[in-house]
Structures are given as structure tokens and as C-alpha cells.
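S.K.: Here is a sequence together with a model predicted from it:
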Amino acid sequence: MPDTIIGRGFSFLLAKPSFRWNYTDASAKLEDICPLAKKQGFNAFLKHRNLDAWMQRCL
């Protein structure tokens with residue numbers, strides 16, 4: 001079964017690793033997104049909406 005990438009209100013199927021990203025201006029916090037991402041088998045991270053180099057990942 002292909003993996004699913006989920007981001008800000010949409011998803012699509014790929015035969016590649018799965019990621020979940022959230023933007024910091026959407027009030028997302030690592031402690032909120034990491035448990036669900038891990039349960040679903042996703043690599044989750046936070047980014048600034050301007051897509052600069054800043055990023056926080058779930059460990």
C-alpha cells in the first residue's frame with residue numbers, strides 16, 4: 001500500500017516515506033502533533049510558513 005503525505009488540509013499517495021508538517025502560525029506544538037504522528041507512522045515536523053531553514057522535528 002502506498003504511503004500518504006498529509007499537510008495542511010490535503011493528502012496524496014506516494015510510494016515514498018510519509019511526512020506530516022504543520023506551520024507554527026497554526027498554533028501547532030510538538031507535544032500535540034508528535035504522539036499522533038508516531039502512532040500513524042509519520043515523521044512530523046514544524047516549519048515557519050515562509051519556509052526558511054528553521055524546523056523542529058519529533059524525536
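M.R.: Structure's in. What do you need?

S.K.: so what's K29 up against?
M.R.: Counting by CB atoms under 8 Å, 6 or more residues apart in numbering, K29 makes contact with L46. For the C-beta atoms, the positions are set from N, CA and C on the backbone; glycine is no exception.

S.K.: Please enumerate the strands of the chain.
M.R.: 3-7, 10-14, 19-23, 43-47, 55-57 (DSSP state E).

S.K.: Next, give phi and psi for A53.
M.R.: phi -70, psi -20 (degrees, to the nearest 10).

S.K.: How much space separates it from K47?
M.R.: 10 Å (CB to CB, to the nearest Å).

S.K.: Between the two, point out the one with more neighbours.
M.R.: Legend: neighbour count by other CB atoms under 10 Å for A53 and K47, higher for K47 (16 against 6).

S.K.: L59 - nearest residue in space that isn't next to it in sequence?
M.R.: Using CB to CB, 6 or more residues apart in numbering and skipping the chain neighbours, the partner closest in space to L59 is C34 (7.8 Å).

S.K.: now do N43
M.R.: F19 (5.1 Å).

S.K.: Number of residues surrounding that neighbour?
M.R.: Neighbours around F19, by other CB under 10 Å: 16.

S.K.: hang on, it packs against L46?
M.R.: No: the pair F19 / L46 is not scored as a contact, 11.9 Å apart, by CB atoms under 8 Å.

S.K.: Least confident of the strands of the chain, on average?
M.R.: Looking over these, mean pLDDT reaches its minimum on strand 3-7, with a mean of 48.

S.K.: hmm, back to that, what separation do you get for the residue nearest to N43 and A44?
M.R.: Distance from F19 to A44, by CB to CB: 7 Å.

S.K.: try K38
M.R.: Computed as CB to CB, the K38 to A44 distance reads 8 Å.

S.K.: Need the overlap of contacts for those two.
M.R.: Residues touching both K38 and A44 (CB under 8 Å, 6+ apart): C58.
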